[in-house]
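>>> Predicted model, plus sequence, below.
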Amino acid sequence: MYAKSVVVLAFAVFAVVTADDCSKKFKQDDTHIKVSDMCTKTLKISQNDLPQNESDFTKSYDDKCFAKCFMTEMKFLVDSKFDRDAIKKDIVDHVLDADVQKKMIDYTIKCLDDAEKTKITKDNECKVTAKFMYCTMVEEGKLELNCDPPKDE
């Protein structure tokens with residue numbers, strides 16, 4: 001579910017859009033791709049290092065600072081606070097399908113509300129932003145966006 005050719009993290013389409021149905025719903029953004037690549041290279045991680053299920057949150061968060069890096073570089077996290085306006089604007093700018101846009105804004109707000117139940121500090125930014133991103137990935141999976149590349153048979 002999370003290794004799609006389009007990775008929608010509530011606020012970001014930062015991978016190459018390849019599926020026809022998906023390319024009509026999202027606008028590719030080179031900035032998202034560049035920031036994502038920069039964060040994975042700087043942190044020496046891959047997408048497989050990101051939390052893939054709830055049990056991953058019992059582990060150390062040192063390897064999960066991708067969310068913090070990405071959100072900070074995109075100005076979605078400023079001074080240990082989520083910038084809800086910037087996140088919402090990013091969804092509006094990059095999600096072309098109005099129905100999908102509304103659903104993504106709704107679940108993003110829900111995920112932000114859940115994440116902000118924990119006061120964000122410099123000491124826990126990795127954990128809180130990783131949980132936020134994980135929440136958005138789970139919710140994105142429920143949308144059935146048909147963004148997976150065709151399977152080889």
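Received, thanks. Numbers count the residues shown, from 1 in each chain.
>>> use CA for all of it now, contacts and neighbours both
Noted.
>>> For the chain, name the helix or strand with the lowest mean pLDDT.
One helix or strand of the chain scores below all others by mean pLDDT, DSSP states H and E: helix 20-23, with a mean of 61.
>>> those strands in this structure, which residues are they?
77-78, 81-82 (DSSP state E).
>>> Just put these in JSON lines and tack on mean neighbour count and mean pLDDT.
Formatted as JSON lines, the strands of the chain follow (neighbours: other Cα atoms under 10 Å; pLDDT from 0 to 100):
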{"stretch": "strand 77-78", "mean neighbour count": "16", "mean pLDDT": "95"}
{"stretch": "strand 81-82", "mean neighbour count": "16", "mean pLDDT": "96"}
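>>> May I see the ones you listed arranged in CSV, with distance to residue 100 as well?
Below are the strands of the chain laid out as CSV (distance: least, Cα to Cα, whole Å):
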stretch, distance to residue 100
strand 77-78, 23
strand 81-82, 22
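>>> closest to residue 71 out of these?
Distance to residue 71, taken as Cα to Cα, is lowest for strand 77-78 among the strands of the chain, at 5.3 Å.
>>> Walk me through which strands that closest one pairs with, and which way each runs.
Sheet pairing of strand 77-78 (DSSP bridges) gives strand 81-82 (antiparallel).
>>> for this protein, which spans come out with low pLDDT?
Filtered on pLDDT under 70, the chain yields the residue ranges 1-23, 47, 50-54, 56-64, 145-153.
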